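Undergrad: Prediction below, plus the sequence it came from.
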Amino acid sequence: MSLNNYEILEILQKEENVALIKMRNKIDGNIYLLKNINVKRLNKNQKERAINEIQILSSLNHPNIIKFKEAFFDKPSNTLNLAMEYTDNDNLSVKIHFASKKKLYLEESIIWDVLIQILIGLNYLHKKGIIHKNLKSKNIFLTRKRLVKITDFSSCYIINKENKNKYQTGLESYIAPELLKEQQYNDKCDIWSVGCIAYEMASLSLPFKGKDNESLFNNISSGKFNPIPDFYSKNLKSLINDMLIKDPSKRPSIDNILNNSIIQEKKVQIKIIYNNYYKTNANTKNINKNKILLKNNLTENNSKKKVKIINNSTYRTLKQRKKMKIFSEESNKISRNQLNIKNNKFVSISTDINNKIENFTNNNNSNPNFIHFSKKNIV
């Protein structure tokens, strides 16, 4: 497999070493999201993270996790490529930015739908012993069927307190205090990140911000943030506050959150979203099967047409050869009978024979045109 098997449709995001590209697979005709990684520019740790992402993603299968298609190394471009399912909508960060620009707050029902699906997907990861550590609104993709997809399983970002310049752009506002301070951590660091995402959906801004890395470090360490707008319910406010508790031992686990009576009530809507997803997925599979069957039928029919053409061509050639043989025998017979005729009469008969041969040759030239026309009609 190589990049030659894919057609570039759109470059969605491009950074120093990584590009996200919307691609069409030339073999199955489906559209995928391709993560194109320039291996030459990566250090050893970054290469390990890239391989780690492929290994993890290829082992996962959940409606709230982006699906793995394939991974391959393209030698000509010296890039490692990860092909994933393409979501037909923007990531959550784009949606929040758009709402903020228009000064429109998200409906609470939408916040609950997205939040619960993130938690369900996260619970699947935690049960498999995987801590994401890089959850942020930019890594949460949405579909038009309102299904949430968690992406980016590449890295564990641990920031050294003594070297604050090592902060990763776009990640520092979501990172848990225990990771920031290089303390012992568990899967509750992901709960903190989900709390940041939920807060961002409600307030259209991040809970922890800073003018520079040092002020941001201090704000996250303090664990203090402004409350979300009053028009949201107490249940949503309470859950966000619990997820953003500074002490991880007092922060709720994923099981505690999902077993909450409020969450259980709202899961009914999530089941509807899942059902719509599975129906759409089944229909897509049927469409793809039909496409493959149609393609195979066309190939088979074209193959039969080609065989028929060859047979016709062979038949015509044999027929022409037979005519040639008959004609040659007749010409020889005529020539022998005319041996005693005067020279002028012999020349006349020979010219007549040559004309006949010339006419036959001209008729024979129609065969290449016939073959060319037939090939022209073969797809």
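TA: Right, received. Where do you want to start?

Undergrad: Report the separation between Gly210 and His97.
TA: According to C-beta to C-beta, to the nearest Å, Gly210 stands 19 Å off from His97. For every residue, glycine as well, the C-beta is placed using N, CA and C.

Undergrad: how about the helices of this structure, start to end?
TA: Under the criterion DSSP state H, helices of the chain are mapped to 44-57, 92-102, 108-127, 177-180, 188-203, 213-222, 234-243, 254-258, 261-337, 343-364, 366-376.

Undergrad: Flag every buried residue along the first one.
TA: Translated: helix 44-57. By 16 or more other C-beta atoms under 10 Å, the buried positions in helix 44-57 come out as 46, 49-50, 53-54, 56-57.

Undergrad: got a list of contacts for it?
TA: By C-beta atoms under 8 Å, 6 or more residues apart in numbering, the residues outside helix 44-57 that reach it are 17, 37, 39, 42, 65-66, 68, 71, 80, 82, 84, 130, 152-156.

Undergrad: mean confidence for it?
TA: Helix 44-57 carries an average pLDDT of 86.

Undergrad: what's the angle between that helix and helix 108-127?
TA: 100 degrees (axes from the mean of the first three to the mean of the last three C-alpha atoms, to 10 degrees).

Undergrad: same check, this time on the second one
TA: Orientation note: helix 92-102 sits at an angle of 160 degrees relative to helix 108-127 (the same axes, to 10 degrees).

Undergrad: swap in the fifth one?
TA: Using the same axes, to 10 degrees, the inter-axis angle of helix 188-203 relative to helix 108-127 is 170 degrees.

Undergrad: which helices and strands sit right next to helix 188-203?
TA: Other elements packing on helix 188-203 under the criterion 3 or more C-beta pairs under 8 Å, 6 or more residues apart in numbering; DSSP states H and E are helix 92-102, helix 108-127, helix 177-180, helix 234-243, helix 254-258.

Undergrad: Could you identify which of those has the lowest mean pLDDT?
TA: Looking at these, the bottom one is helix 177-180 with a mean of 89.

Undergrad: which stretches of this protein aren't confidently modelled?
TA: 155-171, 280-379 (pLDDT under 70).

Undergrad: Kindly report the domain assignment for it.
TA: Split into domains by automatic domain parsing, the chain comes to 3-86, 92-259, 312-376.

Undergrad: Check those for me and report the most buried one.
TA: Stretch with highest mean neighbour count among the domains of the chain: domain 92-259 (a mean of 18; mean count of other C-beta atoms under 10 Å).

Undergrad: returning to what we had before: just tell me which of the domains of the chain ends up closest to Glu265.
TA: Nearest to Glu265 among these is domain 92-259; the distance by C-beta to C-beta comes to 9.8 Å.

Undergrad: Endpoints of the closest one, how far apart?
TA: 25 Å (C-alpha to C-alpha, to the nearest Å).

Undergrad: circling back: for the domains of the chain, give me JSON lines that also has distance to Glu265.
TA: Formatted as JSON lines, these follow (distance: least, C-beta to C-beta, whole Å):
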{"stretch": "domain 3-86", "distance to Glu265": "19"}
{"stretch": "domain 92-259", "distance to Glu265": "10"}
{"stretch": "domain 312-376", "distance to Glu265": "65"}
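
Undergrad: Out of those, the one nearest Gln269 is which?
TA: The minimum distance between Gln269 and those falls on domain 92-259, with 6.3 Å, by C-beta to C-beta.

Undergrad: now the helices and strands packed on helix 188-203 as CSV including distance to Leu135?
TA: Formatted as CSV, the helices and strands packed on helix 188-203 follow (distance: least, C-beta to C-beta, whole Å):
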stretch, distance to Leu135
helix 92-102, 11
helix 108-127, 8
helix 177-180, 12
helix 234-243, 11
helix 254-258, 12
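
Undergrad: Would you mind saying which of those helices lies nearest Glu200?
TA: Checking the helices and strands packed on helix 188-203 against Glu200 by C-beta to C-beta gives helix 92-102 as the closest, at 5.8 Å.

Undergrad: who does the closest one touch, helix- and strand-wise?
TA: Packed against helix 92-102 by the contact rule (3+ C-beta pairs under 8 Å, 6+ apart) you find strand 140-142, helix 188-203.

Undergrad: So for Leu104, which of these sits nearest?
TA: helix 188-203 (12.3 Å).

Undergrad: Extract the C-alpha set from that closest one and format it as CSV.
TA: Provided in CSV are the C-alpha atoms of helix 188-203 (Å, rounded to 0.1, in the frame of the first residue of the first chain):
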residue,chain,number,x,y,z
LYS,A,188,-8.8,10.3,36.6
CYS,A,189,-6.5,12.7,34.7
ASP,A,190,-8.8,12.1,31.7
ILE,A,191,-11.8,13.0,33.8
TRP,A,192,-10.2,16.4,34.4
SER,A,193,-9.7,16.9,30.7
VAL,A,194,-13.4,16.0,30.0
GLY,A,195,-14.4,18.5,32.7
CYS,A,196,-12.4,21.2,30.7
ILE,A,197,-14.2,20.2,27.5
ALA,A,198,-17.6,20.3,29.2
TYR,A,199,-16.8,23.7,30.7
GLU,A,200,-15.7,25.0,27.3
MET,A,201,-19.0,23.9,25.7
ALA,A,202,-21.0,25.7,28.3
SER,A,203,-18.9,28.9,28.7
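
Undergrad: Can you report phi and psi for the residue lying closest to Asn218 once chain neighbours are set aside?
TA: Computed as C-beta to C-beta, 6 or more residues apart in numbering, the closest residue to Asn218 that is not its neighbour in sequence is Gly210, at 7.3 Å. Torsion angles at Gly210 (phi, psi; degrees, to the nearest 10) stand at phi -160, psi 150.

Undergrad: Pull the contacting residues for Gly210.
TA: Gly210 is in contact with 216-219, counting by C-beta under 8 Å, 6+ apart.

Undergrad: with these in mind, which one is nearest to Lys136?
TA: Of all the contacts of Gly210, Lys136 sits closest to Leu216, with 14.2 Å by C-beta to C-beta.

Undergrad: Alright, I will stop here.
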